[in-house]
Every structure is written in structure tokens, then in C-alpha cells.
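>>> sequence unknown, structure follows:
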């Protein structure tokens with residue numbers, strides 16, 4: 001019996017998918033990437049973006065046509081808005097939140113499908129309505145964290161530290177799809193990080209919708225985010241191993257100098273900060289309910305530059321938010337010019353049912369949103385190229401993560417998550433750290449050459465392999 005699991009959306013959904021795989025394989029199901037081979041088909045959905053939700057409807061339509069010819073069981077989980085949830089009830093056999101994952105084996109058995117562990121057993125008729133587990137208890141979220149994930153990579157891993165969000169940004173669906181903030185016990189986080197380090201993982205990302213509010217929901221018996229990072233840093237020092245730790249996403253309102261100082265104090269805590277700005281205009285930030293103003297955001301960036309001068313700076317931006325004028329958009333472009341981001345994830349605003357802003361007029365035309373997105377993309381390319389050009393001639397540490405699209409090249413990322421490609425056929429370097437001398441800068445990427453000693457070793461490895 002085989003299963004195929006599709007995950008859409010953010011890194012949190014990918015992390016959830018890794019735990020779902022553990023549960024299914026624990027039941028005896030074998031993983032396949034080919035949907036046509038699977039007896040069990042599932043999606044970790046994302047209601048945050050319309051394109052992602054469109055993909056869900058496309059897939060379940062195709063899967064349900066297959067049911068006319070063979071027995072299939074379908075399920076959906078992930079970040080799902082109430083409006084999408086209602087529609088999914090009539091399309092999928094099973095629907096569950098990630099908090100309810102520990103009960104998935106019982107759901108599948110109750111549905112009467114032949115289990116993978118007992119292929120020869122009888123399958124009863126499908127009930128008319130999909131099964132949905134009973135409402136979760138308040139601490140159920142901590143139950144699914146106990147499931148050891150089936151990691152997608154042998155050298156990069158995501159570690160969830162919290163679930164949900166209390167910020168209620170007016171454009172965002174997360175509080176309605178994942179609920180209020182729940183912090184994972186710090187000792188569980190430390191145990192997972194320590195296990196990953198012992199198993200040779202090189203890149204670890206701490207995940208949450210608002211990581212720097214970690215522990216605030218459990219003030220009496222949990223540590224702060226800065227203390228959590230310090231504990232991870234100590235694990236790094238004790239291990240003597242080389243690895244990089246990232247976190248995403250922080251909220252500018254909650255970012256403190258203490259967090260930045262902890263990062264500066266520990267080699268394993270990476271010099272890379274993802275600090276969403278969303279808009280460079282105070283009035284737009286108020287309508288977005290972002291709880292900071294540009295002066296406050298500017299002070300955080302100044303602290304990053306002072307405490308972590310080598311750190312790269314990434315951000316998120318929305319263009320065409322409800323009521324955004326040309327003057328307000330221009331302030332966002334000016335903010336990009338001021339802060340000079342290494343990377344910016346720029347999205348055109350689209351209303352999400354359930355989020356507060358969905359009740360407001362979407363009064364910026366699609367053509368104007370596309371134009372504004374193009375303007376900011378050009379600003380990003382200009383800044384990125386200039387920042388990358390300043391690195392040419394330097395030798396940097398790179399974690400190799402795979403083959404490059406260009407034949408005969410490998411690709412990887414610096415500690416600051418800058419993309420670097422270099423000539424090599426030695427695939428044994430994938431998942432390893434190498435030193436690369438940067439020789440050429442492009443928009444959003446760099447090219448270099450393996451440092452002399454490693455180039456010789458790579459050539460020797462290639463000859464042995466051949």
C-alpha cells in the first residue's frame with residue numbers, strides 16, 4: 001500500500017508534512033511521488049494564497065475522478081480557512097488539523113480502508129460524509145510535536161517552536177487557520193536540535209508564525225525567545241560541530257537587542273535576519289494592524305547593522321494593499337532603497353476570506369499591483385547586485401545543497417543564505433561545507449571557485465567515483 005503526500009505553502013507546512021509522513025509510514029504505508037500509484041492521497045493545504053488553494057481544488061477534482069476506477073482514500077490538512085474547510089468537507093474523505101495528527105491512524109481505520117499492515121483484510125463501504133475528529137483539547141498541539149518527523153533532507157531540517165499567531169494582521173489568515181499562539185516546550189526543542197546536530201545536520205531553522213513572542217503564552221513555566229536561542233547556541237558550543245541555525249519569522253514589534261546580542265555571541269547562530277516590513281508607510285501599517293511604525297522598524301534595522309554588521313537582511317512586502325495610494329507605495333520603495341535588502345519576497349495583495357481586510361474594498365487594480373510589484377523587483381535587483389558585487393574577491397563558507405541548473409556546477413548558500421554556484425561534478429559535496437572564492441556577482445546570486453585544497457579533494461573524489 002502506497003501513499004502520496006503533497007505539501008503547499010510555507011516551511012511550517014513542510015515541517016507538518018514531515019510528521020504526517022512519520023505517522024503514515026508507521027502504519028506500514030510506503031511513500032511514492034507518483035500520485036497514480038498511491039492508495040492514499042493527501043494534501044497539506046495553504047489558504048493563505050489563492051494560487052495554493054486553487055492547486056488543492058485542481059488535485060482533488062482529478063483524484064475524485066480516479067475513484068470511479070479504483071479504491072482511494074483522500075485527506076487534507078494544513079492551513080485551511082473556515083470557508084475552504086466547508087468546501088473541502090464534500091470533496092475529501094478525511095479532514096484534520098495538524099493538532100489532530102496523532103489521531104490519524106484511528107481516522108483511517110474508522111473509515112474502513114484496508115490498512116497497509118493488513119492488506120488482505122476486508123474494506124467496508126465508505127460513509128457518506130468525511131470523518132472529522134472531535135475538537136482538540138487546549139494542549140493537543142503539543143501532542144503532534146511528540147511525533148519524530150521524517151525529514152525531507154539529510155542535512156537541512158525545520159524545527160517548529162510554536163504554532164498559531166496572536167497578531168491578527170488584517171491581511172493575514174493564519175490566526176484563523178492555525179489558531180492562537182501555542183509555544184512548544186523548550187526541552188522538546190532542545191532535544192530535537194541536539195538529535196539533529198548529533199546526526200550531522202548542517203542547517204536548522206526554528207519555525208513559528210511569530211518566533212520572537214515564543215514563551216509569552218506560558219510566562220510562568222517557559223523561557224523567552226532570547227533564552228531559547230542561547231540554549232541552542234550552547235548546544236552548538238558543546239557539540240564542537242559546524243552547523244548554522246536560522247529562525248523565521250520574527251515580528252519587528254517584538255525584536256529586541258537581546259536577541260541580536262545572543263546571535264552575535266554564538267557561532268552556530270547564523271548572521272541572517274528575516275524582518276518583514278510589509279509596507280513603508282505608517283498609515284498602511286496601521287490599516288494592516290502591524291503594531292509598529294517606520295521609526296520603530298528603522299531602529300530595529302539600525303540595531304541589526306550595529307550588533308550584527310555581517311548579517312544579511314531579508315524581508316516580506318505586500319503591494320496594492322487596500323487603499324494604498326501612489327504616495328504610500330513610493331514610501332515603500334524609498335524604504336527598500338534605505339534598508340538595501342539582500343532579498344525581498346514581494347507579493348501583490350489578494351483578499352483572504354476570514355481576514356479582516358477581506359471586508360474592505362480591494363481598490364487597487366490588478367494592473368497597478370503588477371506595476372508596483374515590478375518597480376520593487378527592480379529596486380531589489382539593483383540593491384542585491386550592488387551588495388553581491390562588494391563580496392567579489394572574498395572567500396566564503398558555503399553549504400552545498402545540490403546540483404545547479406547549469407551543467408557541471410553545484411549550488412549552495414552562504415551563512416547569510418546568499419546563493420553561490422561553482423564548477424564541480426563532485427556530488428559527494430552535497431550536504432557539506434566548502435570554501436568558495438567569489439569571482440562574479442549577479443542579481444540575487446554569486447559565482448565562485450572552490451578554494452584550492454578543496455578543489456583538489458573534489459577532483460580526487462570525482463576520479464575515485466568514476
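On my side now, so go ahead. All figures in this text were calculated on a predicted structure; none of them were measured in a lab.
>>> shaky segments in the protein?
When residues are selected by pLDDT under 70, those of the chain lie in 112-142, 453-466.
>>> show me how the record splits it into domains.
Per automatic domain parsing, the domain ranges recorded for the chain read 2-118, 141-389, 395-465.
>>> got CSV for those, with mean neighbour count too?
C-beta coordinates here come from the backbone N, C-alpha and C atoms, glycine included. Output for the domains of the chain, formatted as CSV (neighbours: other C-beta atoms under 10 Å):
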stretch, mean neighbour count
domain 2-118, 18
domain 141-389, 18
domain 395-465, 17
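>>> quick check: beta-bridge partners of residue 400?
residue 412 (DSSP bridges).
>>> tell me the SS of residue 425?
coil (DSSP: H, G, I helix; E, B strand; the rest coil).
>>> can I assume it is in contact with residue 403?
No: using C-beta atoms under 8 Å, residue 425 makes no contact with residue 403, being 9.2 Å away.
>>> now the strands for the stretch 251-400 of the chain?
272-274, 312-319, 343-348, 395-403 (DSSP state E, counting those that start in this stretch).
>>> could you redo those strands as JSON lines and give each row distance to residue 66?
Converted to JSON lines, those look like this (distance: least, C-beta to C-beta, whole Å):
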{"stretch": "strand 272-274", "distance to residue 66": "40"}
{"stretch": "strand 312-319", "distance to residue 66": "38"}
{"stretch": "strand 343-348", "distance to residue 66": "33"}
{"stretch": "strand 395-403", "distance to residue 66": "32"}
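>>> which one, of those, ends up nearest to residue 300?
Nearest to residue 300, of all the strands of the stretch 251-400 of the chain, is strand 272-274, at 8.9 Å by C-beta to C-beta.
>>> partners of the closest one in the sheet?
When DSSP bridges is applied, strand 272-274 pairs with strand 312-319 (parallel).
>>> residues in contact with the strand it pairs with?
The contact list for strand 312-319, computed with C-beta atoms under 8 Å, 6 or more residues apart in numbering, reads 171, 249, 271-279, 288, 301, 304, 329, 332, 336, 339-349, 369, 372-373, 376, 414, 416-418.
>>> just those: which are in helices?
301, 304, 329, 332, 336, 339, 369, 372-373, 376 (DSSP state H).
>>> nearest to residue 153 among those?
Among the ones in helices among the contacts of strand 312-319, and counting by C-beta to C-beta, the member closest to residue 153 is residue 304, at 28.1 Å.
>>> my read: the closest one touches residue 257, true?
No: under the criterion of C-beta under 8 Å, residue 304 makes no contact with residue 257, lying 9.5 Å away.
>>> contact partners for the residue lying closest to residue 225 once chain neighbours are set aside?
Counting by C-beta to C-beta, 6 or more residues apart in numbering, residue 214 is the residue found nearest to residue 225 once chain neighbours are left out, at 4.1 Å. Residues near residue 214 by C-beta under 8 Å, 6+ apart: 161-162, 183, 208, 222, 224-225, 228.
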